[in-house]
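Q: Sequence below, structure please.
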Amino acid sequence: MTAASPSSAPQLAGGAAPAHQVSILLYSDDLSTRDTVRAAVGRRPARDVEVTTWKECATPAAATEAVEAGGWDLLILDGETSPIGGMGLNRQLQAEVTDCPPAIILTGRVQDNWLATWSLAAEAVPMPIDPVTLADAVARVARGEIA
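A: Alright, predicted model coming up:
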C-alpha cells in the first residue's frame with residue numbers, strides 16, 4: 001500500500017485552484033494494474049479535476065479498513081482481483097459504510113459492465129484500460145455528474 005500527496009496544488013489560469021480536488025483509493029491485487037490506473041488518470045484527469053491523494057490497497061481487508069476510516073472521494077476497484085473482486089467489495093462497502101464514496105469498477109470486458117451496475121458502481125471501465133476513458137470517468141464522478 002502506498003499513499004502519495006503532492007506538496008503544492010497546480011493552479012489554473014488566474015491563480016485559481018482546480019474546481020474539483022479528489023482523493024482516490026485504488027484496490028487491486030495486481031501491481032501492474034495499479035500502475036496502469038495511476039498513469040492513466042494522472043494528476044489532472046481533466047482541466048478542472050486534480051487528484052490530490054492516492055492510496056493503493058492490494059487486499060480487501062486493507063481496502064475496507066481505509067474506506068471505513070474515511071477521507072476518500074472516489075474508489076477505483078479492480079473487478080478481477082482475487083479472492084474478493086472489486087464488484088463484490090463495492091456492493092458490501094456501499095451497503096455497510098455510511099457515506100461510502102462512489103466507485104469506478106474496472107471490468108474484465110465490456111460485457112461485464114452490467115455486473116458493475118449490480119455492485120452499485122457509479123461507473124464501469126473495461127480492461128485493458130483506455131487512459132482517455134478512465135480519466136473521463138474519474139472527472140465525471142469527481143464533478144458529481146454521476147450519482
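
Q: low pLDDT regions in the chain?
A: Low-confidence segments of the chain, defined by pLDDT under 70: 1-16, 147.

Q: And the lengthiest helix in it, what's buried?
A: Counting residues, the longest helix found in the chain (DSSP state H) is helix 131-143. Residues of helix 131-143 classed as buried: 134-135, 137-142 (neighbour count, 16 or more other Cβ atoms under 10 Å). Glycine gets a C-beta too; all of them are placed from N, C-alpha and C.

Q: can you list these in TSV and add distance to residue 46?
A: Shown next, in TSV, are the buried residues of helix 131-143 (distance: Cβ to Cβ, whole Å):
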residue	distance to residue 46
134	12
135	7
137	11
138	8
139	4
140	9
141	11
142	8
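
Q: Return the distance of the longest helix of the chain from the chain's centre.
A: 9 Å (Cα atoms, centre = their mean, to the nearest Å).

Q: what does that helix contact?
A: 19-20, 22, 24, 37, 39-42, 45-46, 48-49, 51, 73-74, 76, 102, 104, 122-123, 125, 146 (Cβ atoms under 8 Å, 6 or more residues apart in numbering).

Q: Quick check: residue 23 is in a strand.
A: Yes. The assignment for residue 23 by DSSP: H, G, I helix; E, B strand; the rest coil puts it in a strand.

Q: What's the local residue count around it?
A: 16 (other Cβ atoms under 10 Å).

Q: again, but for the one 3 residues further on
A: Using other Cβ under 10 Å, residue 26 has 26 other residues around it.

Q: Over to residue 72?
A: Neighbour tally, residue 72, other Cβ under 10 Å: 19.

Q: cool, and residue 80?
A: 18.

Q: Do I have it right that it meets residue 105?
A: No. At 9.9 Å, residue 80 does not count as touching residue 105 under the criterion of Cβ atoms under 8 Å.
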